[in-house]
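Peer 1: next come a sequence and a model predicted from it.
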Amino acid sequence: MSHTRVRFAPSPTGPLHMGGVRTALYNYLFAKKTGGKFLLRIEDTDQKRYVDGAEEYIMEALKWCGILWDEGPDTGGGYGPYRQSERKDLYHQYALQLIKSGHAYYAFDTPEELDAMRKQLEAEKGSNPQYDSSSRMQMRNSLTLSDDEGNHLLGSQEHYVIRIRMPEDEEVLVNDLIRGEVRVNSNLLDDKVLFKSDGMPTYHLANVVDDYLMKITHVIRGEEWLPSAPLHVMLYRFLGWETATPRFAHLPLLLKPDGNGKLSKRDGDRLGFPVFPLQWKDPNTAEISSGYREAGYFPEAFVNMLALLGWNPGTDQEVFSMEELIHEFSLERVGKSGSKFDPEKAKWFNHQYLQSKSIGEISQQVAAQLEKNGIQADSTKIESVAALMRQRANFIDELCEQSMFFFKAPETYDPTFAKKRWKEETPGILNEVSGLLKELNPFDAQTIDAALHHYMEESGHGAGKIMPGLRLALVGSGTGPDVKDIMAIIGKEETISRIEKAVLIVSH
Ligand code: GLU
């Protein structure tokens, strides 16, 4: 399969939902896997729904994910421009071509007339009133008006639209790579508007014309577009491009965690997880929606998680780099049914990446986070902390939070833990321990461990008498990793000073 060309065609009407990112990802994986091209096309013909900043957001989000396009509004390419508003002048001729060939017509109905038609048909037929072969001859359009009347209306700048003339009782076949053959009778399809008198095409016309002119071979998009696919197939036929009709692949929906319906922005707010890749501030309401990036997710983890929401590799492997995804991906392994989004699994993926990244990379991010909290520390220390603490955390900031005591001596001591574990004899024991720690050289975990064991044997005090007190002195609570590891990282001087301070302050 050479020369595959696919596109991601978002409308800049707001931030990109994670389902949209998944659509972009599958397009990207398919293009890379087949040695083809991945295009980004901005579908901004609907001026009323245009939202400031949305296009920039979409590009930034895709770049953050590493979903990079070969052709697009900023990169150019041989089939541009890649923003539909800049292609505006191109669409009218195709609408006219359809009128000439009898596959489309002008309609002059006012909103009030359309409304009246709907009401009347509802009363007559009971259901599904639409502008179609059964009703078009009762309306005000170039099929029912005389040529003179039609031309007069067109010349008088009256509002008009161009509608497709859906044929009667024809079977339309959409061959979908995921759904198989989808057959629809054309009687169920209405005469959709293709072009408006403001000079703008509607989504359907612009989308098909651009897919054709940009030589798109596969249309991979969300399932919500499946009902439009028969119309698109008809447009290819009516425009004389039947042999260039792309293959379709309609992706199943992303579902709420409980499986009941489509994952929406409101579920994220309600259940406490982001549904957008990046944080988004609505320019009209100033409302902020959280993003995976700001929540501390690694882009690789986010992409890995999304890849598996709908596609499966056919093996138990769950962790995939982008390279591996490209290698393994195929549309045949995309399921038909919706995929439940599991926020806990998203965290699990981040945890995996936190474990597999190099200590150097993790440490840099930890250092940046610490700096935000006003803490400067040397990089060797940060590296040791990161190596010791990362398996307990899902996120960098969680790792930092759980590691603060390495960089700041405790100022308070957990009273509940102290009450239970800090005994009358604890200060005496800690004094003895700090005495022998002072003599240790080198001050590493192994030497400290040996010394503590030696002390336990000599003194007859079990670990239960020594360790909780030491831990409270070092951490300020009953949590944290092995005390010997903590000591080795914070160093001899700091260890002794923390023990001495606790002995003075903590009482049982
Ligand atoms: N502009 C449409 C959207 O926002 C594109 C649908 C398609 O891929 O055909 O989803």
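Peer 2: Received the coordinates, thanks.
Peer 1: going by C-alpha atoms from here, please, whenever you check contacts or count neighbours.
Peer 2: Fine.
Peer 1: the stretch 151-300 of the chain: helices as residue ranges?
Peer 2: 203-213, 229-238, 265-271, 299-307 (DSSP state H, counting those that start in this stretch).
Peer 1: ok, residues contacting the shortest one?
Peer 2: So the one you mean is helix 265-271. His17, Lys256, Pro274, Val275 (C-alpha atoms under 8 Å, 6 or more residues apart in numbering).
Peer 1: ok, the last one - how many residues close by?
Peer 2: Yep, that's Val275 we're talking about. 24 (other C-alpha atoms under 10 Å).
Peer 1: contact partners for it?
Peer 2: So Val275 contacts His17, Met18, Ser264, Lys265, Gly268, Ser290, Gly291, Tyr292 (C-alpha under 8 Å, 6+ apart).
Peer 1: from the stretch 351-500 of the chain, which residue is nearest to the ligand?
Peer 2: The stretch 351-500 of the chain approaches the ligand most closely through Tyr353 (30.6 Å), counting by C-alpha to the nearest ligand atom.
Peer 1: likewise for the stretch 301-450 of the chain?
Peer 2: Closest point on the stretch 301-450 of the chain to the ligand, by C-alpha to the nearest ligand atom, is Leu331, at 15.9 Å.
Peer 1: confidence score at Ala104?
Peer 2: Predicted confidence (pLDDT) for Ala104: 98.
Peer 1: what's the separation between it and the ligand?
Peer 2: The gap separating Ala104 from the ligand is 21 Å, by C-alpha to the nearest ligand atom, to the nearest Å.
Peer 1: touching, that residue and Arg136? I think so.
Peer 2: No - counting by C-alpha atoms under 8 Å, Ala104 stays clear of Arg136, with 11.7 Å between them.
Peer 1: more neighbours: those two, which one.
Peer 2: Ala104 (24 against 18).
Peer 1: let me see the contact set for that one.
Peer 2: Ala95, Leu98, Ile162, Arg163, Ile164, Arg165.
Peer 1: in the sheet, who's paired with it?
Peer 2: Ile164 (DSSP bridges).
Peer 1: hmm, what's the outermost residue in this protein?
Peer 2: Within the chain, the residue lying farthest from the chain centre (C-alpha atoms, centre = their mean) is Glu458, at 59.2 Å.
Peer 1: may I have the helix or strand harbouring that one exported as CSV, CA atoms only?
Peer 2: Using DSSP states H and E, Glu458 maps to helix 445-459. Extracted C-alpha coordinates of helix 445-459, given in CSV (Å, rounded to 0.1, in the frame of the first residue of the first chain):
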residue,chain,number,x,y,z
ALA,A,445,23.6,2.5,53.3
GLN,A,446,25.6,-0.8,53.6
THR,A,447,27.9,0.6,56.4
ILE,A,448,25.0,2.1,58.2
ASP,A,449,23.0,-1.1,58.0
ALA,A,450,25.9,-3.1,59.4
ALA,A,451,26.4,-0.6,62.2
LEU,A,452,22.7,-0.7,63.2
HIS,A,453,22.6,-4.5,63.2
HIS,A,454,25.7,-4.6,65.3
TYR,A,455,24.1,-2.2,67.8
MET,A,456,20.9,-4.3,67.9
GLU,A,457,23.0,-7.4,68.8
GLU,A,458,25.1,-5.6,71.3
SER,A,459,22.3,-3.8,73.1
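Peer 1: okay, the angle between the following helix or strand past it and helix 445-459?
Peer 2: Next in sequence after helix 445-459, counting helices and strands by DSSP H and E, comes helix 463-475. Helix 463-475 runs at 140 degrees relative to helix 445-459, counting by axes from the mean of the first three to the mean of the last three C-alpha atoms, to 10 degrees.
Peer 1: tell me the contacts of the residue of the stretch 301-450 of the chain closest to the ligand?
Peer 2: Phe30, Leu177, Ile178, Ala249, Trp311.
Peer 1: run the last query once more with 10 Å
Peer 2: Going by C-alpha atoms under 10 Å, 6 or more residues apart in numbering, Leu331 touches Tyr26, Asn27, Leu29, Phe30, Leu177, Ile178, Ile220, Ala249, Leu251, Gly310, Trp311, Asn312.
Peer 1: and the two most separated of those?
Peer 2: For the contacts of Leu331, the farthest-apart pair by C-alpha to C-alpha is Ile220 and Asn312; their separation is 16.7 Å.
Peer 1: distance from the helix holding Glu458 to the middle of the chain?
Peer 2: Relative to the chain's own centre, helix 445-459 is displaced by 51 Å; criterion: C-alpha atoms, centre = their mean, to the nearest Å.
Peer 1: then stretch 93-110?
Peer 2: With C-alpha atoms, centre = their mean, you get 39 Å for stretch 93-110.
Peer 1: show the end-to-end separation of it, please.
Peer 2: 24 Å (C-alpha to C-alpha, to the nearest Å).
Peer 1: do the same with stretch 77-91
Peer 2: 20 Å.
Peer 1: tell me where the stretch 1-150 of the chain has helices.
Peer 2: Secondary structure of the stretch 1-150 of the chain by DSSP H, counting those that start in this stretch: the helices cover 18-33, 54-65, 92-100, 111-125, 147-155.
Peer 1: does any bit of the second one sit next to the ligand?
Peer 2: No - in this structure, helix 54-65 remains apart from the ligand according to C-alpha under 6 Å from any ligand atom; the gap is never smaller than 11.4 Å.
Peer 1: could you check the angle helix 299-307 makes with that helix?
Peer 2: 100 degrees.
Peer 1: I'd like to know which elements helix 54-65 is packed against.
Peer 2: Applying 3 or more C-alpha pairs under 10 Å, 6 or more residues apart in numbering; DSSP states H and E, one finds that helix 54-65 contacts helix 18-33, strand 280-281, helix 299-307.
Peer 1: packing partners for the shortest one?
Peer 2: In terms of contacts (3+ C-alpha pairs under 10 Å, 6+ apart), strand 280-281 is packed against helix 54-65, strand 288-289.
Peer 1: worst mean pLDDT among the ones you listed?
Peer 2: strand 288-289 (a mean of 93).
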